[in-house]
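Peer 1: From the sequence below, what's the structure:
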Amino acid sequence: MKIWQQDRTFFMGNSLFGQREMDIREKVAMKKGLYQKDAMRIVTTANNAEKSIDKNLDDIKGRVRMLQQENEEYNAKVKELNDMMAQAKEAYGIEDDSQEEKDLELLKKEYDIKKHGSMELLTDEEKSRLKEMGEPTDYQKLSMDLYKQADYWKTQIEENQEQVSGDGRAIRNIKIDRLKTHGMVDAQIAKDKMMEAAAKEAIGMLKDDAVEKLDEKAEEIKEAAEERKEKEEEKEERIEAAKEDAKEAEDMVEAVRENISELTESAVKGSDITREIEDEIKKIMAEEKLLEEDLKGLNVDTGV
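Peer 2: Numbering: from 1, shown residues only. This is a model prediction of the structure:
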């Protein structure tokens, strides 16, 4: 946090943004975190879906390989049974155009119709021959037993092959759907768009907060300017009052100066009057002293 505070530039370094900027930064981080969580959910969901598809494909491909391997084994069994039927035919000395071989083929046809619902139906002649045939020979019994075993494995092979064909179609459809949907690509695009939207919203939040703080600071500056203006007006009023007070003081000084002049003149005149009075008093006292001496002389004369 200390490093971030040192490195922050326009938004973080401006003194207009104090603790409030930390709040908006946390909001932006929280909003970005929500977008990231949603984006990751999309990607994770798509990724999980892709993994699920991959697993499904792997499972299908694994099953195909297993079925193909089984068919190889089943084909080997069928070949072995066919070889055993050929050996039985040779052992019993049966010719291809013999009635016993023809009856065996008719028994196989009847079996296939009953077992698999063959589209090839028995003719009336074949039905009559089956009724006339009687009990199968030992060769026919052995061959039919081997034929039925081979038929079982052929049936397994056909079922496996149908499953392989179905799995092949499923694999092709999955791949085609994947090409159409572009799951991970679409998820990545959605994630990028979401993060782009988060960035734009974060910029918008920071911008709105910056504008708000600038407006608040501008209002503070305006109020401070008005306050200073008021103070300047008050200062000018005080200066005018001081000038008036100074003028009054100057007038008072001038008046005092005039009074001092008058007092000085009065004092001077007062001093002259005082001297006159003193002289007059001295004169009176001298006269009184003279009178006192005269009275003393009169007393002396009377005593004589």
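
Peer 1: which residues touch Glu101?
Peer 2: 89, 94-95 (CB atoms under 8 Å, 6 or more residues apart in numbering). (C-beta placed from N, C-alpha, C; glycine too.)

Peer 1: Make a PyMOL selection of the buried ones in those.
Peer 2: Buried residues within the contacts of Glu101, by 16 or more other CB atoms under 10 Å, are selected in PyMOL with:
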select buried, resi 89+94
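
Peer 1: Including pLDDT, could the contacts of Glu101 go into JSON lines?
Peer 2: As requested, the contacts of Glu101 are exported to JSON lines (pLDDT from 0 to 100):
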{"residue": "Lys89", "pLDDT": "96"}
{"residue": "Ile94", "pLDDT": "96"}
{"residue": "Glu95", "pLDDT": "95"}
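
Peer 1: Glu80: which of the contacts of Glu101 is nearest?
Peer 2: Within the contacts of Glu101, proximity to Glu80 (CB to CB) peaks at Lys89, which comes in at 15.2 Å.

Peer 1: about what we covered before: taking the contacts of Glu101 one by one, which sit in strands?
Peer 2: Per DSSP state E, strands hold no members of the contacts of Glu101.

Peer 1: Torsion angles phi and psi at Asp96?
Peer 2: phi -60, psi -40 (degrees, to the nearest 10).

Peer 1: Quick one: neighbours of it, just the number.
Peer 2: 8 (other CB atoms under 10 Å).

Peer 1: Quick check: it vs Glu227, distance?
Peer 2: Here the criterion is CB to CB, to the nearest Å. By it, Asp96 lies 126 Å from Glu227.

Peer 1: can you check Lys79 too?
Peer 2: Taken as CB to CB, the span from Lys79 to Glu227 is 109 Å.

Peer 1: Then Lys247?
Peer 2: Distance from Lys247 to Glu227, by CB to CB: 30 Å.

Peer 1: go on, Glu105?
Peer 2: Taking CB to CB, one finds Glu105 at 121 Å from Glu227.

Peer 1: same question, Gly33
Peer 2: In terms of CB to CB, Gly33 sits 43 Å off from Glu227.

Peer 1: Same check on Gly62?
Peer 2: Taken as CB to CB, the span from Gly62 to Glu227 is 84 Å.

Peer 1: Could you do Asp192 as well?
Peer 2: 52 Å.

Peer 1: try Lys154
Peer 2: 106 Å.

Peer 1: so where do the strands sit in the stretch 101-250 of the chain?
Peer 2: Taking DSSP state E, counting those that start in this stretch, the stretch 101-250 of the chain contains no strands at all.

Peer 1: Could you pull out the helices in it for me?
Peer 2: 124-133, 138-181, 183-303 (DSSP state H, counting those that start in this stretch).

Peer 1: want to try TSV for those helices, with distance to Gln69, mean neighbour count and mean pLDDT as columns?
Peer 2: Output for these, formatted as TSV (distance: least, CB to CB, whole Å; neighbours: other CB atoms under 10 Å; pLDDT from 0 to 100):
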stretch	distance to Gln69	mean neighbour count	mean pLDDT
helix 124-133	39	11	93
helix 138-181	10	15	94
helix 183-303	32	11	70
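
Peer 1: so which of these comes closest to Lys27?
Peer 2: helix 183-303 (6.4 Å).

Peer 1: any idea how far Lys114 lies from Leu106?
Peer 2: 13 Å.

Peer 1: just Thr181 next, same as before
Peer 2: On the measure of CB to CB, Thr181 and Leu106 end up 57 Å apart.

Peer 1: now do Glu233
Peer 2: Taking CB to CB, one finds Glu233 at 131 Å from Leu106.

Peer 1: try Ala197
Peer 2: For Ala197, the distance to Leu106 - CB to CB - is 79 Å.

Peer 1: I'd like the distance from stretch 102-122 to the chain centre, please.
Peer 2: 73 Å (CA atoms, centre = their mean, to the nearest Å).

Peer 1: Buried ones in it, by neighbour count?
Peer 2: 103-104, 106-109.

Peer 1: for the record, mean pLDDT for that stretch?
Peer 2: What stretch 102-122 shows for mean pLDDT is 89.

Peer 1: At the geometric centre of this structure, which residue sits there?
Peer 2: Lys32 (1.7 Å; CA atoms, centre = their mean).
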